[in-house]
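Novice: output the structure for:
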Amino acid sequence: MKWGKYSRCRGFRSFLWCLSKVYEFGARLHRFVYEKGWKSRRRLGCVVVSIGNISVGGSAKTPLVLEVSKRLAAKGLRICVASRGYGRLGSRQVEVVSDGAHTIDGWSKAGDEPFLISKSLPTVPVVVGRDRGVAGATALSLFGTEVLILDDGFQHHRLARDLDLVAIDADAGLEHSELLPLGRLREPVEALAHADAFVIVDGELRPSELLKLDIFAPGKPKFRANREPRRLFRLSGGVPRSLSSLKDKEVGLLCGIARPSSFKLTVESLGAKVVATKFYPDHHKYVGDNLRNLADQAPFWVTTEKDAVKLDPTWLPNLQVLGIDLVLSEPFRFEEFLSGIVEEAISLRSFRQGKREHGV
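Specialist: Numbering: from 1, shown residues only. Predicted structure coming up:
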């Protein structure tokens with residue numbers, strides 16, 4: 001029986017390996033046809049900054065989108081965030097989640113991450129659409145966008161960009177390089193050669209992984225950052241709590257994110273004692289029954305900001321939300337790099353526009 005179970009397990013892994021090879025071929029071909037110019041990339045009349053990764057979930061991509069957006073908006077630039085809107089229920093080709101003053105009601109037409117971005121950046125327009133080129137053209141038309149920030153744009157080859165930032169979770173790393181569905185990678189590690197810079201999150205890569213970066217992307221800037229808890233508040237509203245209020249408290253964790261273990265470690269780092277967990281798949285769509293009887297398992301429950309936008313406060317009255325920000329180790333160096341790329345791209349577009357207006 002043991003051999004039979006082992007054979008079935010090995011057979012299933014072999015099946016996944018075959019599927020991953022098919023997936024890898026498709027991923028390589030998709031990038032190749034755009035790199036060779038066999039398919040043309042759409043170019044917009046604004047600067048395009050892509051924030052992405054090569055793995056599935058959990059690399060702090062959304063916090064990096066927020067960090068880049070805040071820094072560019074602080075310079076007085078008209079920016080807009082464009083996202084695919086994974087999991088949204090709306091059928092429009094492009095949905096305006098926020099116009100920089102008003103946000104649509106409810107997350108379902110936007111997707112959880114774009115809706116969270118719109119709430120975190122209330123003065124920044126946010127649009128969603130499967131084709132980010134069409135979404136970007138809409139932003140350009142409606143808001144006079146100067147910088148379009150692509151949320152999860154590294155594999156969206158149809159749109160040309162001026163900067164590709166790739167986030168890498170140090171804990172997940174690059175050591176296990178299997179592609180979906182056998183592993184977590186969306187593209188082979190060699191695709192990192194097409195990135196312009198990397199943000200390594202929550203630690204340092206292993207020497208062998210840093211060597212891979214140096215081989216595939218020699219000389220590309222590497223920045224370090226950490227996800228740090230910054231705020232704690234009741235979902236139903238009220239005065240925010242101090243993070244120290246979690247110390248020695250027995251809590252339950254509720255979330256539907258790519259790497260719930262990371263969230264658990266964060267809560268435990270604040271001194272809390274996790275006595276119960278309720279974990280769902282990434283982008284889970286909650287219903288009231290998901291939270292039934294949770295109060296019997298722990299007196300105090302904590303969730304993420306991403307999950308909070310999909311939860312009704314009446315489902316679990318004592319539910320607390322832990323807000324986490326991305327903190328750069330060298331913010332001035334990152335600021336200088338980001339500003340330099342964007343300002344150069346804006347100047348180049350202005351120069352080209354002037355030549356066209358004068359018929360040169």
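Novice: flag the helix or strand of the chain with the lowest per-element mean pLDDT.
Specialist: Least confident helix or strand, the chain: helix 2-35 with a mean of 81, by mean pLDDT, DSSP states H and E.
Novice: which SSE is immediately downstream of it?
Specialist: Next helix or strand after helix 2-35 toward the C-terminus (DSSP states H and E): strand 47-52.
Novice: given that following strand, what are its sheet partners and their directions?
Specialist: Here strand 47-52 is paired, per DSSP bridges, with strand 147-151 (parallel), strand 163-169 (parallel).
Novice: please identify the deepest-packed of the ones you listed.
Specialist: By mean neighbour count, with neighbours taken as mean count of other C-beta atoms under 10 Å, strand 147-151 ranks first of these at a mean of 28. The way it works is simple: take the backbone N, C-alpha and C, and place the C-beta from them, glycine included.
Novice: how about the helices in this protein?
Specialist: 2-35, 61-73, 112-120, 132-143, 207-216, 260-269, 294-297, 305-308, 331-357 (DSSP state H).
Novice: dump these to TSV, plus distance to Gly45 and mean neighbour count.
Specialist: Output for the helices of the chain, formatted as TSV (distance: least, C-beta to C-beta, whole Å; neighbours: other C-beta atoms under 10 Å):
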stretch	distance to Gly45	mean neighbour count
helix 2-35	20	12
helix 61-73	17	22
helix 112-120	23	24
helix 132-143	6	21
helix 207-216	32	14
helix 260-269	39	17
helix 294-297	50	13
helix 305-308	32	21
helix 331-357	7	13
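Novice: mean pLDDT for those: which is lowest?
Specialist: Note on the helices of the chain: helix 2-35 shows the lowest mean pLDDT, a mean of 81.
Novice: now for it, which elements pack on it?
Specialist: Contacting helix 2-35 under the criterion 3 or more C-beta pairs under 8 Å, 6 or more residues apart in numbering; DSSP states H and E is no other helix or strand.
Novice: just give the nearest non-adjacent residue to Gly237, would you?
Specialist: With C-beta to C-beta, 6 or more residues apart in numbering as the criterion, Gly237 has its nearest non-adjacent residue at 7.5 Å, and that residue is Pro313.
Novice: quick one: residues contacting the one you found.
Specialist: Each residue near Pro313 by C-beta atoms under 8 Å, 6 or more residues apart in numbering is listed here: Arg234, Leu235, Ser236, Gly237, Leu319.
Novice: ok, which pair from the residues you listed is furthest apart?
Specialist: Spanning the widest gap among the contacts of Pro313 are Gly237 and Leu319, at 11.4 Å by C-beta to C-beta.
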